[in-house]
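**Q** sequence-free structure coming up:
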């Protein structure tokens with residue numbers, strides 16, 4: 001398959017699948033302080049049903065951790081070669097209809113940090129033990145990602161202003177930059193939540209809050225524009241674009257979890273009472289995700305019914 005930046009949607013999805021069982025086990029199983037690891041899994045305290053349930057999840061997590069890391073290496077190599085072709089890069093970044101795909105690598109590289117701290121550390125307990133030592137490098141990693149994301153967003157916005165596109169021609173893949181802001185924010189708030197160093201946590205929290213605010217502003221503007229454009233079009237986009245409708249779900253969850261972690265940071269470092277706002281933020285985000293999911297299933301019933309007959313498109317990874 002010929003490389004394009006959109007290929008990173010596959011590695012993002014693989015990382016997302018790896019995180020799902022980790023988050024479930026982190027909050028559902030007793031394991032002591034810190035992150036859950038393979039060594040701290042309470043197998044002996046589990047009943048047979050629990051063992052049958054969790055053992056395959058550990059296998060799935062291992063498979064998708066390996067898949068995410070391998071794909072990331074392969075796609076980063078492809079990205080370096082692709083960026084080396086300056087003319088090809090310029091033709092994409094200066095095209096307001098296609099430059100949105102350039103945000104996929106940023107989203108995937110942000111996901112890698114979360115896979116490192118969680119699912120990978122689950123299988124390498126020694127990594128979990130040195131997690132605090134990784135916080136400063138992780139902060140630098142996050143700040144570089146944020147600066148690249150802001151620079152790319154500014155460039156894409158400039159192209160869009162100079163070469164405006166009729167909203168009728170836009171659809172939900174146009175939200176990929178918002179998705180990248182969500183994942184970068186998740187990375188930053190992860191540092192703020194994990195780091196025991198108040199200075200590192202504070203810088204990460206401030207950068208994350210900045211990223212969240214910009215991401216939510218861009219999301220609000222874009223979702224209104226896209227819905228207005230779709231209403232004017234009076235018809236759904238072509239089949240390859242339809243799965244991108246589901247992109248609103250991870251965006252909602254990413255910003256919800258990121259704001260939830262900001263609340264945790266305020267509680268841990270300043271003693272703020274954040275139980276009520278944390279509850280409202282997290283549940284509001286998941287209510288939006290659930291409602292949008294039901295809406296998409298109803299709207300795209302025909303597409304989903306014939307999904308196995310549909311041709312491959314990168315937008316399908318948004319469904320994961």
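**A** That came through fine. It should be emphasised that the depicted structure is a prediction, and the values quoted were computed from it without experimental measurement.
**Q** Could I get the full set of strands for the stretch 1-150 of the chain?
**A** Assigned by DSSP state E, counting those that start in this stretch, the stretch 1-150 of the chain shows no strands.
**Q** quick one: contacts for the residue sitting nearest the centre point of the chain?
**A** In the chain, the residue lying closest to the centroid (CA atoms, centre = their mean) is residue 183, at 3.8 Å. Taking CB atoms under 8 Å, 6 or more residues apart in numbering, we find residue 183 in contact with 12, 106, 107, 110, 111, 114, 254. In short, each C-beta sits where N, CA and C put it, glycine included.
**Q** let's see 7 Å
**A** Each residue near residue 183 by CB atoms under 7 Å, 6 or more residues apart in numbering is listed here: 107, 110, 111, 254.
**Q** Could you export those as JSON lines, including neighbour count and distance to residue 151?
**A** Formatted as JSON lines, the contacts of residue 183 follow (neighbours: other CB atoms under 10 Å; distance: CB to CB, whole Å):
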{"residue": "107", "neighbour count": "25", "distance to residue 151": "15"}
{"residue": "110", "neighbour count": "28", "distance to residue 151": "15"}
{"residue": "111", "neighbour count": "25", "distance to residue 151": "20"}
{"residue": "254", "neighbour count": "26", "distance to residue 151": "21"}
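**Q** Can you tell me which of the residues you listed is nearest residue 307?
**A** residue 107 (23.4 Å; CB to CB).
**Q** For the closest one, which non-adjacent residue is closest in space?
**A** Distances taken as CB to CB, 6 or more residues apart in numbering put residue 180 closest to residue 107, at 4.3 Å, once the chain neighbours are dropped.
**Q** Please, which helix or strand holds the one you found?
**A** For residue 180, the element it lies in under DSSP states H and E is helix 176-194.
**Q** Report the mean per-residue pLDDT for that helix.
**A** Helix 176-194 shows a mean pLDDT of 92.
**Q** ok now it, how far from the chain's centre?
**A** Chain-centre distance of helix 176-194: 7 Å, with CA atoms, centre = their mean, to the nearest Å.
**Q** What is the subsequent helix or strand relative to it?
**A** Following helix 176-194 toward the C-terminus (DSSP H and E): helix 198-233.
**Q** name the helices or strands packed onto that following helix?
**A** helix 135-162, helix 176-194, helix 248-270 (3 or more CB pairs under 7 Å, 6 or more residues apart in numbering; DSSP states H and E).
**Q** how about those helices, which one is nearest residue 34?
**A** Closest among these, using CB to CB: helix 176-194, at 9.3 Å.
**Q** Compute the inter-axis angle for the closest one and helix 198-233.
**A** 160 degrees (axes from the mean of the first three to the mean of the last three CA atoms, to 10 degrees).
**Q** Now do helix 176-194 against helix 135-162: the angle between them, please.
**A** 160 degrees.
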